[in-house]
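3D model of this:
(chains A and B)
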2 protein chains.
Amino acid sequence: MREVIILIKNAVGRELPEMIGTYQVRPFAGIDSDCSSDQPVMSNRRLSTVKPGEEKLQPGLKAAVEASGLKDGMTISFHHSFREGDQVIGRVLSVIKELGIKGLKFAPSAVVNIKNPSIVDYVKDGTIASIEASGIRGELGDAVLGGVMDEPVILRPHGARPRAIEAGELSIDVAFIGASAADDYGNATGLVGPNACGALGYSFIDAMTAGKVIVITDHLVEYPCIPISISQEYVDYVVVVDSIGDTAKIGAGAARVTKNPRDLLIAKRAVEVMAASRRFTDGFVFQTGAGAISIACTKYLEEKMEERGVKASMALGGIPAAIVEMHEKGLVRTVACSQSFDAVAAKAIVDYPGIIEIDNSLYANPARKGCMLNRETFGILAALEVDIDFNVNILTGSNGEMMGGLGGGPDVAAGAQISIVVLPIVRGRIPSVVKKVFTCCTPGDTVAVVITEAGIALNPNHKNYQELKEDLEKTSLKLVTIEELRQTAEGLTGTPKPIECTDKITCIVEYRDGTVLDVIREIKKQD
Amino acid sequence: MREVIILIKNAVGRELPEMIGTYQVRPFAGIDSDCSSDQPVMSNRRLSTVKPGEEKLQPGLKAAVEASGLKDGMTISFHHSFREGDQVIGRVLSVIKELGIKGLKFAPSAVVNIKNPSIVDYVKDGTIASIEASGIRGELGDAVLGGVMDEPVILRPHGARPRAIEAGELSIDVAFIGASAADDYGNATGLVGPNACGALGYSFIDAMTAGKVIVITDHLVEYPCIPISISQEYVDYVVVVDSIGDTAKIGAGAARVTKNPRDLLIAKRAVEVMAASRRFTDGFVFQTGAGAISIACTKYLEEKMEERGVKASMALGGIPAAIVEMHEKGLVRTVACSQSFDAVAAKAIVDYPGIIEIDNSLYANPARKGCMLNRETFGILAALEVDIDFNVNILTGSNGEMMGGLGGGPDVAAGAQISIVVLPIVRGRIPSVVKKVFTCCTPGDTVAVVITEAGIALNPNHKNYQELKEDLEKTSLKLVTIEELRQTAEGLTGTPKPIECTDKITCIVEYRDGTVLDVIREIKKQD
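This next block holds a predicted model:
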């Protein structure tokens, strides 16, 4: 018997099947697509009567999981605000395994690495049958690309996750929310307590829409817990554990500081591009984000703003200490934190009325009535690869290893007036500017400019190309074409050998609107 | 032809038809009923794509109403945070009338009185065809009881409104939200600006669930407006008007201060009852609420707490300046404001991290996973009448005039461990303690104690009767039966002549769970 698979080419030229198992592919149709719908927003939350006197505090995780009614095949969720320091996911999965619950859909905001056992172990033993997240970096990612899972992993950018939930594409049965302080009735926060992790921006949609919500804390406080990030009205059960996470490791993974001179040069260039724009005026809005170069941008931006006497009205997204400092200096009037990248940023939300915790939907959801990214002037995006169509790859490395998560990148690029991709043209012996990215994570048409140590390339297909070109031509900044950058890169490294894959699709990369931007096929084992 | 109407007696003994027009009556079945449902919560909000660069600011109210797509027969909503000072409702209705839109369902959190034209005029001219609110005091109320409307008005307590919305019983097409500060993208608040009205607790559910949301402000600020009470992600349009309300009139209506010695005596007694309870210990939670006596209680409570060295963990609900003062003195650790009763209380939310604005659902919704009222130790309730079954009437006066709104009274009584009704036994020549209240607004079984100047009556059917009895018997407070109070009252006034009504039902009084507690029939015109 011959199987005929019809492939459709989407708007970034990727060939996709119509169906991937039971998943119906809606091919990416371009950046002007619309997420609107006539159907009311969906929720898995039910009307629920909790009567006066009824208690939510459970004697332990096992009791809470049992009380939640979690069953085989259901969907569970977590936030990743502790990043590599998370201790909630491991605790919960081990209890679930102990209870013999199998075949779950694991749908955290992003997968963080846990050890002994790892997420891969829970996949192998059947506890986890499918995964939906913004990223699956590390051991799990590599195992997925190696074909460990039967069902493809669905990867969505941060803003798309709440959209998918309200569109009914992802329906959470039980949400587990780690909180650094909580009371016995479920009011919870990440802003205070000995292990404060900062903004719980990812958890708001889970709390508001999950069937059951379990708050897990290592710091139980007198009722009511203040501030209230996640409110009691959405919480079914509260569990106290020894420790929910190691705040020292929040900076690990995506959010780290660089001293690499090349990276610093790129960061400096990025700020020079921002400062050259006519939009660099009082009241601008920016996001420098996570990633080594991005975080370095913040420091240079501060200097440039002081030098030019320009003040921003808002910084947003994941927030590091450097942005808090800019707020303290009066350079940034408001700071909207969907996550906090360090302890200083976490604490600042409590200390300053102008620094606020925001729901990840408010930050990035393309299907609410305008997210904050829509008002962003400048957005910095990290990248592993960019291609001559300005498509960005933030997921897969040169050997087909899983290197990162989608994060908010596709959202930032779509929202910002000037979206700036920063990356070195080569990393080791690997070119970063290529003919065609291995995985398209952000469509090139939403990228205004690519900044490297070897020059700055403007995207002629970006909506603000003409304006930015005029502005940059008034400066001494070196403008090159993206093709020139590719040639420079490949001149240094040679043309890389293509990564060889099987036909098996291991990951589906969804765009903000739920269409499929790309897929990642199983990487062929090297002999 | 003879029409046979079958009447059913509900759990407070009220006789109700099975249908009232198209309204299907679910008779009140007792205070242990459950609002839970297996159906997911409902919303009238749709997924919506607002793209970067798209604007929300409309040139005027007319343009905003047109943009919203408001049509004949749709449902519109407002908050009543400005109380008698509101200038939004009048502006909006006059524009709607000008546009010739008819037959609307008017569903504000409560009806406030506007003049020239009044709400009654909009009913008479067909702009408004039906009304759902927590109260319709004043001219409209009297007109409704006089039979001006074809459809009965549905009255719900504060906590029941968001429940009804999420249950799909009330679906708002266009919400109009007056905000004392807002930016051009819809972030809005009542906490700052020249006409700050305080907490917008009633508007959260409207913003989150209405089909279209229009923010109306008289103080447009630079993006982003901080603090954000109502977030841009829920707002479709923004309109700037000259003035949204007169903050000096917020205290008018329900929230006023008394110097009446009898009222002060009752307030003092109420605090003595609280202080006699074993629950008057550190960490208790209380609500003194609106109404002359209730507000007087606050001052006495402060003195008693200082005298006894007892501190509260929370005060909640509608908040006056006196509670803010208790927070400043360290007597009340947190204050959760669903509304603000004066300018001091409004400003305090910005000034103190321990004083927070809360969604009215968090305050009182019986169908979320536990509202804050569930944690209330002592709740003070105002009343027009109470009967020998402890049923409370807060709506209708002795001549069948509409005197008040349900407010949060039924919610407070159900939530609080010790619910305290305060009222004088007579008002003028009218007894307040009667055999049977004209309108049952709060079921007697949720009332722990009735406090009058003529004695204190404990409700033997209340869940905490035995405990409170033991505690009060240790004091010199005078305990009487409710029947004794009635006799004393009627001994002073004589037995009042029953109010005569026709068969036409003008108002349906829903309980928190959506069952019908009572109806108000058309008052017979006096000759």
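
distance of the residue nearest in space to the middle of chain A from B:Thr209?
The residue lying closest to the centre of chain A (Cα atoms, centre = their mean) is A:Gly407, at 1.9 Å. From A:Gly407 across to B:Thr209, the span is 30 Å (Cβ to Cβ, to the nearest Å). Bear in mind the C-beta positions are built from the backbone N, C-alpha and C, glycine included.

what's the answer for A:Glu15, then?
41 Å.

Also A:Ala276?
45 Å.

Neighbour count for those two, which is higher?
B:Thr209 (24 against 19; other Cβ atoms under 10 Å in any protein chain shown).

list the contacts for that one?
Applying Cβ atoms under 8 Å, 6 or more residues apart in numbering or on different chains, we find B:Thr209 in contact with B:42-45, B:165-166, B:171-172.

pLDDT score for it?
Per-residue confidence (pLDDT) for B:Thr209: 98.

Could you pull up phi and psi at it?
Backbone torsions of B:Thr209, given as degrees, to the nearest 10, read phi -120, psi -10.

do the same with A:Gly283
phi 100, psi 0.

Flag every residue of the stretch 251-400 of chain A that's near chain B.
A:283, A:285, A:313-314, A:333-334, A:336, A:350, A:353-354, A:356, A:358-359, A:361-362, A:365-376 (Cβ under 8 Å from any Cβ of the partner chain).

Try it again at 6 Å.
A:313-314, A:334, A:361-362, A:367-370, A:374 (Cβ under 6 Å from any Cβ of the partner chain).

And for the stretch 401-527 of chain A?
So far as Cβ under 6 Å from any Cβ goes, the stretch 401-527 of chain A lies against chain B at A:Gly415.

Now the helix or strand that contains A:Asp471: average pLDDT?
Using DSSP states H and E, A:Asp471 falls within helix A:465-473. Mean per-residue pLDDT for helix A:465-473: 98.

Repeat that for stretch A:446-457.
For stretch A:446-457, the per-residue pLDDT averages 97.

quick one: contacts for A:Ile420?
Counting by Cβ atoms under 6 Å, 6 or more residues apart in numbering or on different chains, A:Ile420 makes contact with A:270, A:380, A:449.

what's across from it in the sheet?
Beta bridges link A:Ile420 to A:Ile380, A:Val449 when assigned by DSSP bridges.

export stretch A:30-40 as CSV, just CAs?
Written as CSV, here are the backbone C-alpha positions of stretch A:30-40 (Å, rounded to 0.1, in the frame of the first residue of the first chain):
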residue,chain,number,x,y,z
GLY,A,30,1.0,35.7,6.4
ILE,A,31,1.4,38.3,9.2
ASP,A,32,-1.8,40.1,8.5
SER,A,33,-4.0,37.2,9.5
ASP,A,34,-6.6,37.7,12.1
CYS,A,35,-7.3,35.8,15.3
SER,A,36,-10.9,37.2,15.7
SER,A,37,-13.8,34.8,16.2
ASP,A,38,-17.5,35.1,16.5
GLN,A,39,-17.5,32.3,19.1
PRO,A,40,-17.4,33.5,22.8
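
Same question for that stretch: list its buried residues.
A:31, A:33, A:35, A:37, A:40 (16 or more other Cβ atoms under 10 Å in any protein chain shown).

So for the closest residue to chain B within the stretch 51-200 of chain A, what's the nearest residue that isn't a sequence neighbour?
Using Cβ to the nearest Cβ, the single residue of the stretch 51-200 of chain A nearest to chain B is A:Pro52, 4.3 Å away. Of all residues not flanking A:Pro52 in the chain, B:Asn374 sits nearest, at 4.3 Å (Cβ to Cβ, 6 or more residues apart in numbering or on different chains).

State whether that neighbour is indeed within a helix.
Yes. The assignment for B:Asn374 by DSSP: H, G, I helix; E, B strand; the rest coil puts it in a helix.

Can you give me the neighbour number for it?
24.

can I see the domain layout of chain A?
A:55-247, A:260-495 (the TED database).

Turn the ones you listed into CSV, columns for distance to B:Thr442.
CSV is the format used below for those (distance: least, Cβ to Cβ, whole Å):
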stretch, distance to B:Thr442
domain A:55-247, 22
domain A:260-495, 35
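
For B:Glu222, find the nearest of those.
B:Glu222 lies closest, by Cβ to Cβ, to one member of those: domain A:260-495, at 5.8 Å.

Tell me the span between the first and last residue of that closest one.
By Cα to Cα, to the nearest Å, the extent of domain A:260-495 from end to end equals 25 Å.

residues touching A:Val123, list them.
A:Val148.

what do you get if the cut-off is 8 Å, keeping everything else the same?
A:129, A:131, A:140, A:143, A:148-149.

And for A:Leu517?
Here A:Leu517 is in contact with A:10, A:12, A:14, A:28, A:410, A:440-441, A:443, A:509-511 (criterion: Cβ under 8 Å, 6+ apart).

Pick the one among those closest to chain B.
Closest to chain B, out of all of those and judged by Cβ to the nearest Cβ, is A:Tyr511, at 12.8 Å.

shouldn't the closest one be in contact with A:Gly159?
No. Contact between A:Tyr511 and A:Gly159 fails when scored by Cβ atoms under 8 Å: they sit 10.2 Å apart.

and for those two, which residues touch both?
By Cβ under 8 Å, 6+ apart, the residues touching both A:Tyr511 and A:Gly159 are A:Pro410.

Residue of the stretch 201-350 of chain A nearest chain B, please.
For the stretch 201-350 of chain A, Cβ to the nearest Cβ, closest residue to chain B: A:Glu233, 3.7 Å.

Leaving out the residues flanking it, which one is nearest to that residue?
That would be B:Arg368: by Cβ to Cβ, 6+ apart, it lies 3.7 Å from A:Glu233.

Check the spacing between the one you found and B:Arg512 real quick.
For B:Arg368, the distance to B:Arg512 - Cβ to Cβ - is 12 Å.

Comparing these two, which residue is more hemmed in?
Just comparing B:Arg368 and B:Arg512: by other Cβ under 10 Å the higher neighbour count belongs to B:Arg512, 35 against 27.

Show the backbone phi and psi for the more buried one.
Torsion angles, degrees, to the nearest 10, at B:Arg512: phi -50, psi -40.

That one contacts B:Pro162, doesn't it?
No. Look at B:Arg512 against B:Pro162 with Cβ under 8 Å: they stay out of range, at 10.7 Å.

For A:Ile230, which residues are in contact?
Here A:Ile230 is in contact with A:177, A:179, A:186-189, A:200, A:203-204, A:207, A:213, A:215 (Cβ under 8 Å, 6+ apart).

doesn't A:Gly317 make contact with A:Gly407?
No. Using Cβ under 8 Å, A:Gly407 is not in contact with A:Gly317, being 9.2 Å away.
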